[in-house]
Every structure is written in C-alpha cells, then in structure tokens.
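> Pasting a predicted model and its sequence here:
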Amino acid sequence: MALRQVFHRGEEAVQDRYGVKQEVASFAGRLVRPFLNEQLRDFFSELPYVVLAGRDTNGQGHVWCTILAKRPQDSSVVAVKDKTHVSLLSAPPVGDPLHSQVAPGSDLGMLGIMLHNRRRNRVNGRVVNAENGALELEVPTFWAIFVVHAFGNCPQYISLREIVPLALADAGEKAVTEGEALPADLAALVGRADTFFIASGYDTRENGGAGSGLDASHRGGSPGFVQVSQDGKCVTYVDVQGNNLYNTMGNLLLDPRVGIAFVDWSSGSLLHITGEAQITFNADATRTVAITVERNHLLTHVGIGVGVGFSINRFVWRPGGLGFAFVEPDPANNSELVLLMTEDEGEDTKSLYFGGVEERPLKPYQAGQHITLQIPNAEVERSYSLSGSPKWALHWRGGPSLYRVTVRKQGVGSRALHKLITGARVNALGNPEGDFVVPPAAKVPGATVVFLGAGVGVTPLVSMMHELLALPEVPEILFVQTARTVDMWPLHKEVGDLIREASQRGVSATYVSSFTRGEPPAASAADTGIRYASGRLTESMLRPLFEADTSVAEKLRREATRNSVYFFVCGPASFMSTAQSLLLDTFGVPDDRLYSETFGPSALKAA
C-alpha cells in the first residue's frame, strides 16, 4: 500500500500562507510517523470512545463526523494489534450516518481524546479486512485500520468533562431526525457549544498526487464561538492558531466537503452535520470558516453509547438511553490557589509559586504531571507542567505546601499569568494529571536516565530530577538542555545544583547546555558544573555525550542492558521530532524506553 507524503499541496499552501512551510517541513516527517509508539498504543488501548471521520458510499461522498463508544463488555473501543494496526471493537449503530458505510480500502480518520484530562492523539489510516489475514485479533472486531499517520496534539482549547453513568432506558426504538436546515432547538445547541469535532478529507490522485485520506479533529472555544445563520443552513466559526500543520484547513482548500459533530453533553445526544466549507483568510491570521448545511442528522442517545436501533424521520427524546453522558468537573474538586511569589527565569519566563488559600494542603502529584489553571482576567483555562519537587506539595522549606509552574509569556493565558501580583487567586481545576512520569523501573540502581529538554520544556524534567534526587539510591543521569540564548535559559541554576548534589553522592551525573543563537556564558564549567555546546540537537552533539561519563552508549549497544536506559524528552514540536528521530532511528533506542511530552498550542518554533 502506497503511503501518502506527510503533507499534500493543500496543507503546504496554507503553511506557506502563514510562513511556516519550511520550518514545518524540517521536522514533520519525524513528528508524524506511520506507526504508533508505545505511548500512543497505551493511549488508544484505554479509550472509552473515539471520534471518527468517514465518507458515505451513496455516490456523493459526503464527509461525516461521528463518535463511537465501547461496548459494555469491553474495556476500550480500540484494540491495538501492533505498531501499524488498530481495530475498532464496535460499529456505528443503525441511524449513525456511517452505519454500513465503511468498507475495506476506505480512508478513516480517528481522534482519540480524553476530555477529563485534555489528552488527544490522532490516527489516520485505511480500513483493512479483518478476515484476510492482515489481522488476527483474539477479540471480535468491526473495523481494522492500517495506520498511515499517527501524531499527538496539544491540550489547548479542550474543555474539561467527565463521563458519568446513566440508568439504561427501557428497551425500544430511539428516533433519528433528519433535515436540511437546523431547527431552532438544534441551532441553540450549536450556538452554546464550547466544543465540536470536525472531519475533512482530500484526494489528490486525479491530479498526480500521492493518495487520499481523512482527518478527525477537535475545535474548542468560549460558548458562542460557533454561530448559525437565521435560516439554519449555515454554520460559521473562527479558526484560531493551532499546531501549524493545518491539516483541516489544507484539506478544505482542496475539498470543501466537511462533517461536523456537536454533543448534547447532559443526554449524550449527537448532532451530525455534513456540508461544504468556505474559508476566509483574515488579516489577523485567523480563518473564518462558513459551513453550508447539506444535511443534518440528529441521533438521540447514540454516537457515544452502545449501538441501539433507530427509526428514521421520527424524534423521541429519551434521557438515559446512552448508559453514560458527560458533565463538567465538580467545582468541589477544584483548589483555590494564592500566588505567594514569582521569580524571573530569563527573558519572558517566570516561575510562579502558588500555595493553598489559608495554607490549605494541596493535592499530591507525580513528577512530570501538570495542573490546569483557570486564569483570571483572561477567561481561559490552560495546563502547565509542575516544575518543582513533588515534596513541595506537602511542605516547602518548612512552611506551607505549594505548586510551582514555570511559564514563558507567549499566549493569552501565559501573558495573564505574568501580570498576576502576589496575593492573586486562581483556581486549579481537578487533580494534577498526566502520564509523562518516571516509571518505577527507572528509579533503581543500575538504571540510566537521560533528559532532553528545550526552552521551558525542561519544566517537567526538573520536577523529575527532584524526584530522583529524593531516592535513597540515585540512577545515573544525563541532562541535556537547549536554549536560544543565555537570557532564555530557564531553571539552569537549579538543574546545576541538582546535578552537583547527585555527583556528591557518587552518582555519574552530567549537565550539558547548548545555545542555538548565542554564546555560552563566560563562567567556566569548573565554576558551574555545566558543560556547554553550540547549535541544535544533532547526532554529533549527542554521540560524544553518550560515550562519555554515563554509560548510555555502552548500554544501548548491548541487548542485555538496552532496556535499562530511559529517555525523557520535552519541548517544542520541532525539537521533539528531532530528538525522537535521533533516539529511535540513529541510536536504536527501544520505543518503549522513550517518553515524551509536547507543550504549547503553537510551539513549533525551534528552541
């Protein structure tokens, strides 16, 4: 099967319009890969529901977006066979616009999203016949998907929601309503939405292109960011800056057919709309997207529930038919924080120290996890990695417990945080979340831990360093940090102190900083305990480091010890893709020993 290039001409045209084409091209081939690494395999194996993009087969090729849920007897809606094959364990029920519409060879886009912790990842692929020997799963499957592209997305614009169980409704048919214009109640549902899902596709084969495909994606904003025309036939929203790949916009530039889906969270009802999109490129770098409704399709209690038969052209509202729905997190689970102090960490970067109001204890966390802050005066929620020691959540310097986040001023939320003064209050939503954590096997004598961080991507890595230094026996450590200049070099003094502490305990510990746009400081390595380098992350930089003080290279060469080296990578997407490519392809690091976290909605600027 011929695989598509990373980007088609539509995506490249939008990237070129915004001046990021060359930069994105330099790393996208390493970021968007034709397989699932271990983190993605684990992620998709835990999903109770997925968002799908597909086409109908009625000759019109309408694009539809739907949500498919696991069956009650399954732990997930997805089964992962291997790096290149996943299977869906349930099928769209009767009444879903993709019911019986997907056959072997069909393109399919899949978005895995966890609304309760803002995690999301995407897989685009083609359906294969599960009975032709390509897959031999031990569980029954409805669709088996060959992975063409797999990549992660950042958590921006995702509104927190949690699944809640509902009592099953009495047996009976549920109604499906279809039409060509949204009635007032459905227009109101769209108008108050803070989230919707979008499906788009492309087919470049007729024009000499590499192939075809579909993407499923997510859009979020404040209620009212989507508008419906008075006649109910047009839906409009403003598309803001995302990951700079412009998959959806590029697809729509080539093929305006689009599918969108809205959820009534309290009942689990799902509204599908298929139509055509018209894009207006605005002067402020946003895009206004107008979608003319060809057909809308409302499924009551479908899409994120078990498959139930529906009759057509009849509407019955039956609360509880899903088995589960969604609610916003209980405010009682939030924590009110007060800003105790701030520290400058270089140009445009600050560390903010938050304690509990009235010195109330804070919720514990694991090194590498993040918190979601409801930021005053910005009307946004943003997630930030905790950069301090997990012990600080219990007590700090003999005083009250605290959280620390280290934030670069580069967006609405971070700019608002930078303006806060001591005594300001913010809400931390829910619990600290995230699975970018150090596994127990990396915390034992004989293990080697390698940290690769760029810019403020070092924040979770610094927290991990604190955690390792709190162990009775510390593993070997290599910490590599890249920064643009010495004025944009966050937390380096703290990392140096931690490295020296490890060395004083007899541990092989090395700290290397490289600057991509300036010279290192005048202080000698003997004074600071830091080794310096110049330029971006490359094989020529890493290889001598792996061969030097730590035993990285030797362990990687030997089959018996290869799995005792653990790599943790965090930074902008360009840095991440370079680091992952070097580690996996050049140095032969097993993919289940590579842990990564991408930060920032538009963090595609090279560190």
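Nice, thanks for sending it over.

> ok, how many other residues are close to the closest residue to residue 400 other than its chain neighbours?
Of all residues not flanking residue 400 in the chain, residue 359 sits nearest, at 4.2 Å (CB to CB, 6 or more residues apart in numbering). Where C-beta positions appear, they are placed from N, C-alpha and C, glycine not excepted. The local packing of residue 359 (other CB atoms under 10 Å) involves 12 other residues.

> With the one 3 residues further on instead?
Residue 362 has 22 neighbours, counted by other CB under 10 Å.

> pretty sure the residue nearest to residue 400 is touching residue 402, no?
No. Applying CB atoms under 8 Å as the test, residue 359 and residue 402 come out as separate, 9.8 Å apart.

> What segments of the stretch 251-400 of the chain are strands?
In the stretch 251-400 of the chain, the strands defined using DSSP state E, counting those that start in this stretch lie at 257-264, 269-281, 287-299, 310-312, 324-327, 335-344, 349-356, 370-375, 380-385.

> Report all helices and strands that the last one contacts.
Translated: strand 380-385. Contacting strand 380-385 under the criterion 3 or more CB pairs under 8 Å, 6 or more residues apart in numbering; DSSP states H and E are the following elements: strand 370-375, strand 402-408, helix 412-419, helix 459-469.

> how about these, which one is nearest residue 437?
Residue 437 lies closest to helix 459-469 among the helices and strands packed on strand 380-385, at 7.9 Å (CB to CB).

> Kindly format the C-alpha coordinates of that closest one as CSV.
What follows is helix 459-469, C-alpha atoms only, in CSV (Å, rounded to 0.1, in the frame of the first residue of the first chain):
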residue,chain,number,x,y,z
THR,A,459,9.9,22.2,33.5
PRO,A,460,8.6,18.6,33.9
LEU,A,461,12.2,17.3,33.6
VAL,A,462,13.3,19.4,36.5
SER,A,463,10.5,18.1,38.6
MET,A,464,11.7,14.5,37.7
MET,A,465,15.2,15.5,38.7
HIS,A,466,13.9,16.4,42.2
GLU,A,467,12.1,13.1,42.4
LEU,A,468,15.2,11.1,41.5
LEU,A,469,17.4,13.0,44.0
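
> which parts of the helix ranked longest in the chain are buried?
Assignment by DSSP state H gives helix 492-504 as the longest helix of the chain. Going by neighbour count (16 or more other CB atoms under 10 Å), the buried part of helix 492-504 is 492, 494-496, 498-499, 502-503.

> Just name the closest of these to residue 384, please.
residue 494 (16.9 Å).

> Read off the pLDDT value for the closest residue to that closest one other than its chain neighbours.
Nearest non-adjacent residue to residue 494, counting by CB to CB, 6+ apart: residue 462, 6.2 Å away. Predicted confidence (pLDDT) for residue 462: 97.

> and residue 462, how far is that from residue 190?
43 Å (CB to CB, to the nearest Å).

> can you pull out the helices in the chain?
With DSSP H as the criterion, the chain has helices spanning 9-17, 21-31, 38-44, 184-191, 247-254, 412-419, 459-469, 492-504, 525-528, 539-547, 552-557, 573-581.

> can you list contacts of the longest one?
When contacts are taken as CB atoms under 8 Å, 6 or more residues apart in numbering, the neighbours of helix 492-504 outside the stretch itself are 458, 462, 465-466, 468-469, 474, 477, 479, 481, 483, 509-511, 513, 528-530.

> ok, now with 6 Å
With contacts defined as CB atoms under 6 Å, 6 or more residues apart in numbering, helix 492-504 is touched by 465, 469, 474, 477, 479, 509, 511, 528-530.

> what angle do that helix and helix 459-469 make?
On the basis of axes from the mean of the first three to the mean of the last three CA atoms, to 10 degrees, helix 492-504 is oriented at 20 degrees to helix 459-469.

> can you start the count at 844 instead of 1 from here on
OK, 844 is where the count begins now, so the last one is helix 1335-1347.

> Restricting to C-alpha, output helix 1335-1347 in PDB.
C-alpha atoms of helix 1335-1347 as PDB (Å, rounded to 0.1, in the frame of the first residue of the first chain):
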ATOM      1  CA  HIS A1335      19.600  26.200  34.700                       C
ATOM      2  CA  LYS A1336      20.900  27.100  38.100                       C
ATOM      3  CA  GLU A1337      18.600  24.700  39.800                       C
ATOM      4  CA  VAL A1338      19.500  21.900  37.400                       C
ATOM      5  CA  GLY A1339      23.200  22.500  38.100                       C
ATOM      6  CA  ASP A1340      22.600  22.300  41.800                       C
ATOM      7  CA  LEU A1341      20.800  19.000  41.400                       C
ATOM      8  CA  ILE A1342      23.500  17.600  39.200                       C
ATOM      9  CA  ARG A1343      26.200  18.600  41.700                       C
ATOM     10  CA  GLU A1344      24.200  17.000  44.500                       C
ATOM     11  CA  ALA A1345      24.000  13.800  42.600                       C
ATOM     12  CA  SER A1346      27.700  13.900  41.900                       C
ATOM     13  CA  GLN A1347      28.500  14.400  45.600                       C
END
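
> now it: mean pLDDT?
Averaged over helix 1335-1347, pLDDT sits at 93.

> ok, the residue nearest to residue 1337 to residue 1208 distance?
Noted for residue 1305: a distance of 14 Å to residue 1208, by CB to CB.

> which of the two has more neighbours?
Each of residue 1305 and residue 1208 has its neighbours counted (other CB under 10 Å); residue 1305 has more, 27 against 21.

> The more buried one contacts residue 1230, correct?
Yes. The criterion here is CB atoms under 6 Å, and residue 1305 meets it with residue 1230 at 5.2 Å.

> Can you pull the poorly scored residue ranges out of the stretch 994-1143 of the chain?
994-1000, 1006-1019, 1049-1053, 1083-1087, 1124-1143 (pLDDT under 70).

> So which residues of the stretch 844-993 of the chain form strands?
892-898, 906-912, 921-925, 928-931, 950-957, 962-971, 986-996.

> Mind checking the ones you listed for the one nearest to residue 1114?
Among these, strand 906-912 comes nearest to residue 1114, with 10.1 Å by CB to CB.

> Would you give the sheet partners of the closest one, along with the direction of each?
The strands beside strand 906-912 in its sheet (DSSP bridges) come out as strand 892-898 (antiparallel).

> Now the partner strand: average pLDDT?
Across strand 892-898, pLDDT averages out at 91.

> same check, this time on stretch 901-915
The pLDDT scores in stretch 901-915 average 82.

> Can you tell me what sits against it?
Contacts to stretch 901-915, defined as CB under 6 Å, 6+ apart, come from residues 891-899, 919-920, 933, 935, 939-941, 1040, 1042, 1044, 1100-1104, 1115, 1117, 1146-1148.

> Now, of those residues, which are buried?
Neighbour counting with 16+ other CB under 10 Å marks 892-899, 919-920, 933, 935, 939-941, 1040, 1042, 1044, 1100-1104, 1115, 1117, 1146-1148 as buried within the contacts of stretch 901-915.

> The helices and strands packed on strand 1223-1228 into JSON lines, with extra columns for distance to residue 1064?
Below are those laid out as JSON lines (distance: least, CB to CB, whole Å):
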{"stretch": "strand 1213-1218", "distance to residue 1064": "15"}
{"stretch": "strand 1245-1251", "distance to residue 1064": "22"}
{"stretch": "helix 1255-1262", "distance to residue 1064": "12"}
{"stretch": "helix 1302-1312", "distance to residue 1064": "26"}
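
> related to what we said a few turns ago, single out the most deeply packed of the strands of the stretch 1094-1243 of the chain.
Burial of the strands of the stretch 1094-1243 of the chain is given as mean neighbour count (mean count of other CB atoms under 10 Å); strand 1100-1107 ranks first at a mean of 24.

> Which positions within stretch 1064-1074 qualify as buried?
Across stretch 1064-1074, burial judged by 16+ other CB under 10 Å covers 1064, 1068-1069, 1071.

> cool, and stretch 944-956?
Applying 16+ other CB under 10 Å to stretch 944-956 flags 944-945, 949-956 as buried.

> Would you mind giving those residues as a markdown table with pLDDT added?
Below are the buried residues of stretch 944-956 laid out as a markdown table (pLDDT from 0 to 100):
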| residue | pLDDT |
| --- | --- |
| 944 | 81 |
| 945 | 78 |
| 949 | 83 |
| 950 | 87 |
| 951 | 89 |
| 952 | 90 |
| 953 | 90 |
| 954 | 91 |
| 955 | 89 |
| 956 | 87 |
